[in-house]
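**Q** dropping the sequence and predicted coords here.
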Amino acid sequence: SREGYRYRTDARARTRPPAFTPPPAYDSGSSDRLGRNSNIRKKPKMATTEAFTNPDGTAWDPPSRETMEACGNAPVKREFLRPLPPIPSDPKPPASDGTGTDGGTNGGKSKRAQKRDNNAKKVSVEHLCNAFAKGICTFGEKCRFSHDHGAYLLHKQPDLPGPCPFIVAKGKCLHGVMCRFYGTHPDATKRDESNKETNDTDDTDTAVTDAQLMADVLTLRPPTDGMLDEINFFHPNLKSVEHLCNAFAKGIFMADVLTLRPPTDGMLDEINFFHPNLKVLLRKGKIRFDRSDAVLKQLGVKTKWSYGPHAVVREFGNGIQVEDTGATETTDDPDTSHTNRDPSNPDTTQATGQGDDEGGGKRRKEDGASQGVDVRPRRAEKRTVDFKGKLYLAPLTTVGNLPFRRIAKQFGADITCGEMALCTNLLQGQPSEWALLRRHASEDVFGAQICGGYPDAVSRCAQLIDDEFAQSGGIDFVDINMGCPIDLICNKGAGSMLLQKPSQMELIAKACSPILSCALTLKTRTGYYDNKKVAHEIIPNMKSWGVSAVTLHGRSRQQRYSRLADWKYIGECVSKANALSGGGTGGGNSGTPSAPSFSVIGNGDVYSWHDYNAHCDEAGGAGVATCMIARGALIKPWIFTEIKEQRDWDISSGERLDILKQFASFGLEHWGSDARGVANTRRFLLEWLSFLHRYIPVGLLERTWVGIHERPPTYVGRNDLETLFASTQASDWVKITTMLLGPTEKDFVFRAKHKSNAYATEGAAEKADLYGGDNMQG
């Protein structure tokens, strides 16, 4: 029987998944690091003397399938199960002395002291001036950052293996000496050859003098013991004692780091970049929102928005005409008119580069040119998005970054959406918030998600996005998040708080729809409280607000992400929306050739192609147009392939490692190949690994169809790499990143956003209270 079997354990038969030593560089393909096909599991051997014990010392016996399912665990085959790991008994590390007394996560240091330490690091020789490395620093000797190449190279971490992706794709790397692949740069090779020629010339000039001096030196006795070998040699890639100690303590050298695959598509460009001059204009209040102001005035929304002196409209023409209103507002400032007509000024012309008057006003004659009229597109002429039957990747905060979306696109995602951006931060010109709107060329249908609680701020933000990106096709739809359950968002009247104010939801939608030249969508939940669901009352009216589609998450704000999503209620909302609009709002499998004017998209607990088919079925399911896939894509991004091919993919550990290698390559392209770019790539990769470890390979399950709510028990994989991927320890996640990005920095600290685990190096652990902090970030 199966109960008599035990999987061959060796180093795996422990009370917890073993710590994994990164293997040497290899090209995994579809096989594991030992050259075996990971999809073929060998028959487990009999274990006659092997026994496991519980943390309390009692004998442990693998639970049955029925027992695991009753406890909410996924039914893993008994030969792969292991007992629960013992609870760590390490004492709480004492906090180091600091200037503050708050007992925070940085050794009790106050925020002012932390800021002072960070500024001191920036001006040290370990951090080179970024502008100087690119050759564009204009401060010269007055610059407060280091310009010492030699000192920086001594403290710089060793280069990563492989060629520089920017050199391969574009022939030039903007990071210069700060690049972690600097050794492969042409200028670095020329510098080494030049130094070698200089050393050879110096040796030739002093050859005669050295021979004369060495004539009087006594001859030493040759070795008689055969010259025994020494150990603990200095690694050639290490450039300081700190790096040497750090590498020996970790037991990891750069030779063990896997070589990332260079870009093969020529490194396609990203779009939707934030112009630095626009940041200055926004912060000085020099951008006018006349179209938004006219719509808000028509809706009766009072606003206290004030403009700075000489504010300009980022469009040609001076008249402002709003669709279906007739309200007109004219700018009489002569300076503004002159600025608006200057196409050479990037601060006042449109980002589209077309020069069209999106306000619908007439252009003035210039130099005898003929007078033309540009009309705003009517609502029927707006660009629409057909969501029916399309695989929609949800906008995921932190982990839904551009490199991850590229991974999802490779596996078959049809529609992608950027991370949620706050309207107030966008209007303030924060570059970090505008970076969330970046789009890769491989994203066919892309949307931007914004969040706000007040019609004036959301309307102005919509106009700004339309002027900068939507008019040029950089954004296909704008999604307003009205279902975010985070306290920070709800306390400001946004997110799920709007479910208690349906009239506010209507005002926000009507204030944005006439302004946008692309589709407008909303995302919401069933209600604010569990016992008071209101979505069925609000969704049927959204079509009259100018909304093209709504995504309904089958949970309330009070429920957050606990318990299962209520797909039965989602189906009721679809039925009410169909009845009011005459049918066709859902249409998941209806086969209607024309795109519906209003679509209802379901969201919640989609983890397999079985779930997707059941929810999109009009006969027995909810009948939604499509499903938005969120956590299911984080745990297994190949879910899009499974849905399109209608199969359960028993993906190997080698293939999963290739996915992480691809993410690391995409991360270096997006965030840069310098030390900061490598650190950002490592951080976001760790955030993703905090979800990836929840995946259980299909070959280890008693049944292939498992739900996202079924927790993975403690188990071992079919090889060491699969066991490592199943680890719940942050230290093992860091080891995975070292296989791809090299060793971490000496003060490296990581804590997942959901605060389930943490990791810190020995140097950082002395400064941080890992067990008591709640705000630690990598």
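**A** Ah, there it is.
**Q** pLDDT weak spots in this structure?
**A** Across the chain, the ranges flagged by pLDDT under 70 are 1-50, 87-109, 121-123, 125, 189-255, 264-266, 314-381, 581-596, 754-778.
**Q** please redo it, this time with the cut-off set to 50
**A** Within the chain, the ranges that satisfy pLDDT under 50 run 1-49, 91-107, 203-204, 206-211, 213-214, 233-252, 316-377, 379-380, 587-594, 765-778.
**Q** my guess is Arg438 contacts Gly418, does it?
**A** Yes: taking C-beta atoms under 8 Å as the definition, Arg438 is a contact partner of Gly418 at 7.2 Å. Placement of C-beta: from N, CA and C, glycine included.
**Q** and the two? Which one has more around it.
**A** Just comparing Arg438 and Gly418: by other C-beta atoms under 10 Å the higher neighbour count belongs to Gly418, 25 against 21.
**Q** dihedrals phi and psi, the more buried one?
**A** Main-chain dihedrals, Gly418, degrees, to the nearest 10: phi -70, psi 170.
**Q** next: Arg711.
**A** As for Arg711, its main-chain torsions (degrees, to the nearest 10) stand at phi -80, psi 140.
**Q** what sits closest to it if chain neighbours are left out?
**A** Asn73 (5.2 Å; C-beta to C-beta, 6 or more residues apart in numbering).
**Q** for the one you found, give me its contacts.
**A** Asn73 sits next to 710-713 when contact means C-beta atoms under 8 Å, 6 or more residues apart in numbering.
**Q** now, of the residues you listed, which are buried?
**A** Neighbour counting with 16 or more other C-beta atoms under 10 Å marks 710, 712-713 as buried within the contacts of Asn73.
**Q** those into JSON lines, with extra columns for secondary structure?
**A** As requested, these are arranged in JSON lines below (DSSP: H, G, I helix; E, B strand; the rest coil):
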{"residue": "Glu710", "secondary structure": "coil"}
{"residue": "Pro712", "secondary structure": "coil"}
{"residue": "Pro713", "secondary structure": "coil"}
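**Q** ok, those vs Leu740, which is closest?
**A** Pro712 (23.4 Å; C-beta to C-beta).
**Q** excluding its backbone neighbours, what's nearest the closest one?
**A** Closest residue in space to Pro712, ignoring its immediate chain neighbours: Ile696 at 5.0 Å, by C-beta to C-beta, 6+ apart.
**Q** secondary structure class for the one you found?
**A** In terms of secondary structure, Ile696 is coil; the call rests on three-state DSSP.
**Q** check contacts around it.
**A** 74, 76, 706, 712, 715, 726.
**Q** swap in 10 Å and give it another go.
**A** Residues in contact with Ile696, defined by C-beta atoms under 10 Å, 6 or more residues apart in numbering, are 73-76, 80, 635-636, 706, 710-713, 715, 717, 726.
**Q** do the same with Lys172
**A** 164, 166, 185-186.
**Q** with Ile489 instead?
**A** Residues in contact with Ile489, defined by C-beta under 10 Å, 6+ apart, are 420, 422, 451-453, 481, 483, 495-497.
**Q** then Val547?
**A** Applying C-beta under 10 Å, 6+ apart, the residues near Val547 are 480, 505-506, 509-510, 512-513, 519-522, 539, 541, 598-599.
**Q** what about it, distance to Val478?
**A** To Val478, Val547 is 11 Å away according to C-beta to C-beta, to the nearest Å.
**Q** Three-state assignment for Leu552, please.
**A** With three-state DSSP as the basis, Leu552 sits in strand.
**Q** thinking it is in contact with Ala625, fair?
**A** No: assessed by C-beta atoms under 10 Å, Leu552 is found out of contact with Ala625, at 11.0 Å.
**Q** what sits in contact with each of those two?
**A** 574, 600-602.
**Q** coming back round to it: relative to Gly171, which of the contacts of Ile696 is nearest.
**A** Lys636 (37.1 Å).
**Q** which one is the closest one nearest to, not counting chain neighbours?
**A** Excluding the flanking residues, the one nearest Lys636 by C-beta to C-beta, 6+ apart is Tyr695, at 5.1 Å.
**Q** what's the local residue count around that neighbour?
**A** Tyr695, neighbours per other C-beta under 10 Å, totals 18.
**Q** any chance of the contacts of Ile489 in CSV, with distance to Val749 too?
**A** As requested, the contacts of Ile489 are exported to CSV (distance: C-beta to C-beta, whole Å):
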residue, distance to Val749
Met420, 25
Leu422, 26
Cys451, 29
Gly452, 33
Gly453, 34
Asn481, 30
Gly483, 32
Gly495, 29
Ser496, 32
Met497, 33
